[in-house]
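Novice: build the 3D model from these lines:
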Amino acid sequence: MILSCKILAGIDRVALLRPCIRSKKTVIMLIQNGIDIESEIAAAFPDNQLLSAVAYIGGSRPAPAQVLQKGAERLEFGVYPKGVSGEARALAALWERSGIRCTLMEDIAEARWRKLIWNLPFNPVSVLAGGADTRQMCDGSELEQLCFDLMLETVAVANACGVRLSRTDAEQQLKYTRTFPAYQTSMLQDVLAGKHVEVEAILGNMVRLARAHEISVPKAQACYALLRSFDKLKLGQ
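Specialist: Purely as a prediction, here's the structure:
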């Protein structure tokens with residue numbers, strides 16, 4: 001069973017999954033953004049294997065029934081909380097045959113934190129900056145510095161959670177993003193479509209982990225407060 005919906009306040013992921021869990025043999029796979037998103041599902045279905053996946057797609061929907069692909073076609077996944085199973089290998093083989101590159105991860109938390117280095121700055125900043133695309137956020141201005149500072153805060157919290165990332169990882173993410181065509185982040189696309197955004201999965205959970213580990217993340221906290229308010233006031237209850 002694959003769940004790939006947005007993680008939003010109005011979506012009950014457990015309720016979506018429950019009718020599809022027929023036995024203990026049913027494998028659940030989450031292809032979703034964010035950090036610390038698995039525990040709710042693991043608690044609801046403790047007898048089922050849970051796979052957690054990070055997707056790199058760079059896609060958009062410019063019009064109904066149209067999908068525009070600008071980025072990679074790649075999945076990284078493994079068993080939550082750690083490990084690689086036979087079911088994961090079988091699923092990876094199926095995707096590989098269809099042209100989707102897959103990397104199996106012994107520690108899926110590392111893959112999630114590594115993607116969060118990109119997601120946490122660029123998604124919220126694209127919205128809070130008034131609709132900036134990746135090129136505008138990587139033009140050497142104050143926006144680029146803000147994104148890099150948010151990356152470093154993310155690295156600090158990842159380290160506190162036992163995931164070894166570094167300033168070099170942040171620098172590589174920024175360098176890579178400078179090579180992008182002008183791309184509107186998925187969060188910005190949601191806002192332009194009048195949809196709610198994944199505030200908690202991408203920002204809120206990281207801020208709460210920072211507090212739990214007594215790590216100072218002032219810029220992430222500011223972005224979280226602003227984006228949470230924007231989601232509520234601009235997009236509605």
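Novice: so this protein: which segments form each domain?
Specialist: Domains of the chain are assigned by automatic domain parsing as 2-107, 109-233.
Novice: most tightly surrounded among the ones you listed?
Specialist: The highest mean neighbour count among these, using mean count of other Cβ atoms under 10 Å, belongs to domain 109-233: a mean of 18. For glycine as for every other residue, the C-beta is placed from the backbone atoms N, C-alpha and C.
Novice: measure that domain end to end?
Specialist: 33 Å (Cα to Cα, to the nearest Å).
Novice: now stretch 99-114
Specialist: End-to-end distance for stretch 99-114: 23 Å, by Cα to Cα.
Novice: contacts for that stretch next, please.
Specialist: Residues outside stretch 99-114 that contact it (Cβ atoms under 8 Å, 6 or more residues apart in numbering) are 34-35, 37, 52-54, 72-84, 88-89, 91-92, 95-96, 154, 158, 161-165, 169.
Novice: can you check stretch 1-17 too?
Specialist: Contacts with stretch 1-17, where a contact means Cβ under 8 Å, 6+ apart, come from 20-21, 26-34, 37, 40-41, 44-45, 55, 190, 196-198, 200-201.
Novice: and what of stretch 227-237?
Specialist: Contacting residues not belonging to stretch 227-237 are listed as Pro124, Val127, Leu128, Val191, Gly194, Lys195, His196, Val197, Val199, Leu203, Gly204 [Cβ under 8 Å, 6+ apart].
Novice: then stretch 116-124?
Specialist: Here stretch 116-124 makes contact (Cβ under 8 Å, 6+ apart) with 33-35, 134, 137, 146-148, 150-151, 154-155, 158, 165, 169-170, 173, 177, 185-188, 197-198, 202-203, 206, 220, 223-224, 226-227.
Novice: go again with 6 Å.
Specialist: Stretch 116-124 is contacted from outside by 33, 35, 147, 150-151, 154, 170, 173, 185, 187, 202-203, 223, 227, using Cβ atoms under 6 Å, 6 or more residues apart in numbering.
Novice: likewise for stretch 141-159?
Specialist: Defining contact as Cβ under 6 Å, 6+ apart, one finds that stretch 141-159 is touched by 113, 116-117, 120-121, 125, 129, 137-138, 165, 170, 174, 206, 209-210, 215, 217, 219-220.
Novice: inside helices: which ones of the residues you listed?
Specialist: Per DSSP state H, helices hold the following members of those: 113, 116-117, 120-121, 125, 137, 170, 174, 206, 209-210, 219-220.
Novice: lowest average pLDDT across the domains of the chain?
Specialist: Note on the domains of the chain: domain 2-107 shows the lowest mean pLDDT, a mean of 92.
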